[in-house]
Every structure is written in C-alpha cells, then in structure tokens.
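>>> what follows is a predicted protein model with its sequence.
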Amino acid sequence: MTISREDVEYVAGLARLELTEQETQEYTEQLNSILGYAAMLERLDTDGVVPTAHAVPLHNVLREDQVRTSIKHEKALSNAPDGEAGFFRVPKIV
Amino acid sequence: MGVAEKSVSELQELLVQKEVSSIELTKAYLERIQRIDPELQAYLTVLEDQALVQAAEADRKIAQGELLGSLEGIPMALKDNMCTEGVRTSCASKMLENFIPPYNATVTDRLRTAGSILLGKLNMDEFAMGSSTENSYFAKTRNPWDLKCVPGGSSGGSAVAVAADEAVFTLGSDTGGSIRQPAAFCGVVGMKPTYGVVSRYGLIAFASSLDQIGPLTKTVRDNALVMNTIAGYDPLDSTSVSFEKPDYTKFLINDIKGLKIGIPKEYYGAGIDPDVAKGIQAGIQTLIDLGAEVAECSLPHTEYAIPAYYLIATAEASSNLARYDGVRYGYRAEAEDVLGMFKKTRAEGFGQEVKRRIMLGTYALSSGYYDAYYLKAQKVRTLIKQDLDKAFERFDVLLSPTAPTAAFKFGEKSANPLAMYLSDITTVPINLAGIPAISVPAGFVNGLPIGMQLMGKALAEGTLYRVAYTFEQNTQYHTLKPKLSGEVLTCGSR
C-alpha cells in the first residue's frame, strides 16, 4: 500500500499540524518507508489472538467521591499563554 | 579521589560519620557541573540556590541527630520530563520551553521526602522520542567516553550526568529502551522496572502503556537503594500496581549458583556489531564460571516487535500530545482563528521527530487503518508477551546485549528514522511485555562502553539485581571512568 501526498495532508489536518511543502514531501516518503516496513505484520496470522492494550491487566480503578482541595485557580492559569479574569483566552472560534 | 566519584552507599556513610557535609558535597557537584557541563551539556537547568538550601536542611538534620530520609543529603538530578513544582520542565521541547509545573511528580516528591538534593533537570530527546538525545530542542549532549559520539537516548542527559560524576544518581524514563540504551552507551547501571511499579504521576506522557521511570546509577547497590525510595503503589497513578514492595538491597547477593539464564538467539540478529556480541559472550562466560546454568532459547516473534512498538507508541503519542494546543500552557503561535492557532502552534512548537511520530500515530489510528495497524500491533504485542512468558517458564533471567552497537557518532543515524528505530530491537519487546530489565556495564568496544541487558518476569526486579550485582562484583568495568579534557579522573579502582 502506498501513502499519497493527499493522505499525508489529510492526516496532518487530523493531527492539527500545519506542514511546510518540504515536510509534506519528507513525511510522504518516510511514512511510506516506515509503514512499508510495518507491513511485515501482515505475514503473521493473528486470528483469535486477543489484543493487549496494557501489559498489566487493569480494571476500573475507583475511589470514593470525596470533596478534596485541588489546584488553585491562579496556579492552573499560571502557564496560560493568554489568560484573563480567570479564563483562558483563545482567538475567535466561529 | 574526590567525593563526586563516590556512590550513594559510600556517601551515606561519610555523611552520617560527618566526614563530609551535604553542603560540601552539593558544592562539589555544582562546581563540577559548572566546569565540565559546558562541554557535555547534560543539564538543561541547574538549581544552585535551591540545592544549597536543601543541603543545609539535610546537614541540620544530621547535626541534630534527627531521623534521616533514605537518601538524606545525596545530590541527584531528574530527566526534564518529570514535573518539578516551580522549576521549568521542558521535555527538551520548544513547546514547553517556559512551562513551570504547578505540582510535583510523585517521584520528585518521594525523592524530596527521602532527603535527596535536586541539582537540576537533564537533557533528553524531545518528548523522550529518540535514541540519541539529538532530538533535543536545546542542546546536544555528548558522550563523556568520546565527545564525537551520542550518549544514547532518550535519557541521554541522565546517563551522562552519572557517567561523568555530575550527579550521584539520576532518574530516566524508558518507553522503548530510553533508560537502558543510554546507560549502556555511557557505562552506567540503568533499570527499567516492571510497568506500574514506579508511579507515572507527573511524568509528561509519551506512550502511556509503555512509559516507566527508573534509576541510573554508578553501581547496582545504588540502583536498588533508589528503587527502594521511588517504587510503590500511588493512588494518583491509576495504572500503578499494588504489590508488596520488597527491600531491593536484600537481593544484593554475590551468588548465582544454579540460576537459569536464557539467551534469546533472535536478539543477536542482523545489525549486531560482532565485537559487541563477543563482549557479551565473555560476560556470559563469567556468569557460567560463577555457577549459572546458561542455555539458548527462542523468542520467535522478536522481529515483529519493532513495527508493533512503533505503531503502538506513536498511536498513544499522537493522542497524548493532542493536549498541546496553545490554550492552557506551553507555546502559542498567533493566528486569526482558533484552528489556525492550533495548527501553527503545533507546527512551530514541535520538532521534526515529534511531528513525524504524531503523523505516524494519527495515520495508524485513522478511520480505515485502525484494524490493519493499531489493532494488529496490539495482537502482535500479545504474541511477543507470550514468547517471553514461555521463556520464563524455563529461565529465571534472559540475557542479551542492551544495544546492538556501542555509541554511534552524531548525525550517523539521524538522516534515516527507520535505521534509528531498528537499533531498538533488543529493548522494545520488554516495554511491550511490561517486564523489568536492567543494563549493567559489560566491557568496551573501541574505548566505548557496552551494556549487558538482564530481563526478568514481572516484579522480578530483585532477581535482576542479584544477577547484576554478582556480575558487577566479579568484573571491573564499572570502576572505569571516562577521561575528560581539562582534567584527569582517576582511572581504575575507586
């Protein structure tokens, strides 16, 4: 299977990445090379094999819903590139 | 010999006997960092004032005979992907260049409670993605054994700081070999514990089902000591494993008679340097002479580990790194609308390797390809884990070279991402299976250190420490030190 330039542009859109012309070209080549290599997985019969999402079997980890102190408002905003009056400010959305 | 070369266990003794103070020790390290780090560039941040305040507190406790922490007064440093409240944590990325965490990682807290002194934060591949530390946005860390060579990665700064005596010990993180491979390249001891044994709370995520924090140290004993402090269940990490934590130093027994060691033949495949293979063979012979029972074994799905790993790790990374959107913290590029701001922020804030992996992971998860790539990789992960489970029915420990070659030169592999990925063949299966593995110094090839990797079943860190300790006590490799320009360090026994 080949990954086209259009595929790369589409995926970049999904990943919210603006790519330069050079990056689009490079990633098209490199994704083809890496996924071409990964195609070896097709040789392996995995019918009936249960997928492993986590090496350690985990179940829902629950705790009592107790009121506790959490991070202070100002602290949560302290790294905001643009914050005002207790909010994160972003450019216009619609 | 200066104090900076000593191990944790030696320094603990000196501190308690009041032969050296924590302030003196901390100053010795800060002075050494100032002198040699401009050349090595292991540190991204040095915390001179804070470290001296912490050291003074340790000295006060020692002087007043108070109950001491398990690492009281010992200067150490952290990889720059572990959150430190009030101290920049950059992940070696432009994206987090000015990020000041509002809280501590659990490991940061545990090390502070134990009384250790934080000297600073260490260089790494950006977001821990890489095998050479060349992907750092800030600096190229050099291998102290040969300044033309990479230190390995992604925990390159963590390995160099220990190898060059710029810290007594450090922590690194390991998603596909990022503690073990740089430990091998720099000639230090590096442990990747069982998944879930050390809390990931406050570790900036790369691939959440694979990431694990562990210690890099000068000796196996030090490694066990640091593990005693950082390991253990943490309610703040929902993937943390609840288990009865042993005293890891109890496993430091210089005896491996009758222990069964398996040599997976697939780990000696194409691409392995014959001199590395020869060096490891000599190490195996040492263990046989000490009474270990050694036999070859097979892990038939090994060759599939690399593609499975890179699909799973990049898929998880693409999801984890979606949070960097310029809204709540981190870099922001200006744009007319919010979508443009996201795209530009990410384009400018991430480096090439990070973007490449986000692209790969997003592709593997995208509609129509999920089954063929991500789900397939997870099924292969099961097969790789089963191979290892089966091997551990016969063997206590598996053994291989930590990396197929010694440290390579800057730029040698950076042009070809696939070639760089393939060099991870001996380390990634361990993360996929979630089991522990340690790299111990096992000799030299052309003046560069090589590492021997010991792998165990889940929660068998103690068995690994026993074999590693026995090997270390019967070899001299860990006593050798790199010679740095501008000074001559004692070579030979410490």
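Sure, I can see it.
>>> can you tell if the helix-or-strand element of chain A with minimal mean pLDDT touches chain B?
Least confident helix or strand of chain A, by mean pLDDT, DSSP states H and E, is strand A:83-84 with a mean of 87. No - Strand A:83-84 is not in contact with chain B by Cβ under 8 Å from any Cβ of the partner chain; minimum separation 8.9 Å. Quick note: C-beta positions are derived from backbone N, CA and C, even for glycine.
>>> in its sheet, what does that strand sit against?
If you go by DSSP bridges, strand A:83-84 pairs up with strand A:87-88 (antiparallel).
>>> pLDDT score for B:E487?
For B:E487, the model assigns a pLDDT of 54.
>>> the one 3 residues further on too?
B:T490 is assigned 38 on the pLDDT scale.
>>> same question, B:A415
B:A415 carries a pLDDT value of 79.
>>> please apply the same query to A:M1.
pLDDT, A:M1: 66.
>>> give me the residue from chain B nearest chain A.
B:G434 (2.4 Å; Cβ to the nearest Cβ).
>>> show me the contacts for that residue.
Neighbouring residues of B:G434 by Cβ atoms under 8 Å, 6 or more residues apart in numbering or on different chains: A:54-56, B:194-196, B:385, B:458.
>>> switch to 6 Å and redo it
A:55-56, B:195 (Cβ atoms under 6 Å, 6 or more residues apart in numbering or on different chains).
>>> looking at the residues you listed, which one is closest to B:V3?
B:Y195 (35.9 Å; Cβ to Cβ).
>>> so that closest one, which of the three states?
Counting by DSSP: H, G, I helix; E, B strand; the rest coil, the backbone at B:Y195 sits in coil.
>>> ok, now how distant is it from B:S208?
Between B:Y195 and B:S208 the distance is 10 Å, computed by Cβ to Cβ, to the nearest Å.
>>> over to B:G86?
From B:G86 over to B:S208 (counting by Cβ to Cβ), the distance is 26 Å.
>>> neighbour count winner among these two?
Here B:G86 and B:S208 are set side by side on neighbour count (other Cβ atoms under 10 Å in any protein chain shown), and the busier one is B:S208, at 16 against 11.
>>> confirm the more buried one sits in a strand?
No - counting by three-state DSSP, B:S208 falls outside a strand, being coil.
>>> please work out which residues outside stretch B:443-454 touch it.
B:145, B:184, B:187, B:275-276, B:279-280, B:283, B:397, B:399-400, B:402, B:406-407, B:437-442, B:464, B:467-468, B:477.
>>> which of these fall within strands?
Of the contacts of stretch B:443-454, the ones assigned to strands by DSSP state E are B:397, B:399-400, B:437-442.
>>> chain B contacts on chain A?
Selection of chain A residues close to chain B by Cβ under 6 Å from any Cβ of the partner chain yields A:11, A:14-18, A:27, A:30, A:33-34, A:38, A:41, A:46, A:49-52, A:54-56, A:61, A:71, A:75, A:79, A:81, A:88, A:90-93.
>>> wait, a strand at B:L119?
Yes - assessed by three-state DSSP, B:L119 belongs to a strand.
>>> quick check: it touching B:T84?
No - in this structure, B:L119 is not within contact of B:T84 by Cβ atoms under 6 Å, at 11.5 Å.
>>> which one of those two is surrounded by more residues?
Per other Cβ under 10 Å, whichever of B:L119 and B:T84 has more neighbours is B:L119, with 29 against 24.
>>> please tell me how far that one sits from B:H478.
Distance, B:L119 to B:H478, using Cβ to Cβ: 22 Å.
>>> wait, B:I33 sits on B:E166?
Yes - counting by Cβ under 6 Å, B:I33 does reach B:E166; the two are 5.2 Å apart.
>>> in chain A, which residue is closest to the centre?
A:A15 (7.0 Å; Cα atoms, centre = their mean).
>>> from A:E6, how far off is it?
From A:A15 to A:E6 the distance is 15 Å (Cβ to Cβ).
>>> hmm, back to that, so which of the ones in strands among the contacts of stretch B:443-454 is the most crowded?
That'd be B:S439 among those, by other Cβ under 10 Å, with 34 neighbours.
>>> is it true that that residue touches B:P182?
No - with contact defined as Cβ under 6 Å, B:S439 does not count as touching B:P182 (8.9 Å).
>>> can you pull out the strands in the stretch 201-350 of chain B?
B:212-217, B:260-264, B:293-297 (DSSP state E, counting those that start in this stretch).
>>> among the ones you listed, show me which one is buried the most.
Stretch with highest mean neighbour count among those: strand B:212-217 (a mean of 30; mean count of other Cβ atoms under 10 Å in any protein chain shown).
>>> residue of chain A nearest chain B, please.
Nearest residue of chain A to chain B (Cβ to the nearest Cβ) works out as A:A55 at 2.4 Å.
>>> can you list the residues of the stretch 201-350 of chain B near chain A?
Checking the stretch 201-350 of chain B against chain A by Cβ under 6 Å from any Cβ, the hits are B:209, B:238, B:241, B:307, B:326-329, B:332, B:337-338, B:341-344, B:346-347.
>>> about what we covered before: B:L14: which of the contacts of B:G434 is nearest?
B:Y195 (35.9 Å).
>>> so that closest one sits right up against A:A55, yeah?
Yes - if you go by Cβ under 6 Å, B:Y195 and A:A55 touch, sitting 5.1 Å apart.
>>> buried ones in whichever helix in chain A runs longest?
Identified as the longest helix of chain A according to DSSP state H is helix A:21-38. By neighbour count with 16 or more other Cβ atoms under 10 Å in any protein chain shown, helix A:21-38 contains the buried residues A:23, A:26-28, A:30-32, A:34-35, A:38.
>>> per-residue pLDDT of the residue lying closest to B:S240 once chain neighbours are set aside, please?
Nearest residue to B:S240, sequence neighbours excluded (Cβ to Cβ, 6 or more residues apart in numbering or on different chains): B:D234, at 4.6 Å. Confidence at B:D234, expressed as pLDDT, is 96.
>>> give the contact list for B:D234.
Taking Cβ under 6 Å, 6+ apart, one finds B:106, B:199, B:201, B:240 in contact with B:D234.
>>> can I get those residues in CSV with pLDDT?
Shown next, in CSV, are the contacts of B:D234 (pLDDT from 0 to 100):
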residue, pLDDT
B:T106, 98
B:S199, 98
B:Y201, 98
B:S240, 94
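>>> next up, the contacts around the residue of chain B most remote from its centre.
Computed with Cα atoms, centre = their mean, the residue of chain B farthest from its C-alpha average is B:E336, at 41.6 Å. Residues near B:E336 by Cβ under 6 Å, 6+ apart: none.
>>> if you set the cut-off to 10 Å instead, what comes out?
Counting by Cβ atoms under 10 Å, 6 or more residues apart in numbering or on different chains, B:E336 touches A:91-92.
>>> with A:G13 instead?
A:19, B:339, B:343, B:362.
>>> what of B:R466?
B:220, B:224, B:248, B:250-256, B:259, B:396-397, B:454, B:456, B:460.
>>> just the buried ones from those?
Buried, going by 16+ other Cβ under 10 Å: B:220, B:224, B:248, B:251-252, B:256, B:259, B:396-397, B:454, B:456, B:460, out of these.
>>> do the helix or strand bottoming out on mean pLDDT in chain B and chain A meet?
Using mean pLDDT, DSSP H and E, helix B:417-422 stands out as the lowest-scoring helix or strand of chain B, at a mean of 81. Yes - counting by Cβ under 10 Å from any Cβ of the partner chain, chain A is contacted by helix B:417-422 at B:417-418, B:421-422.
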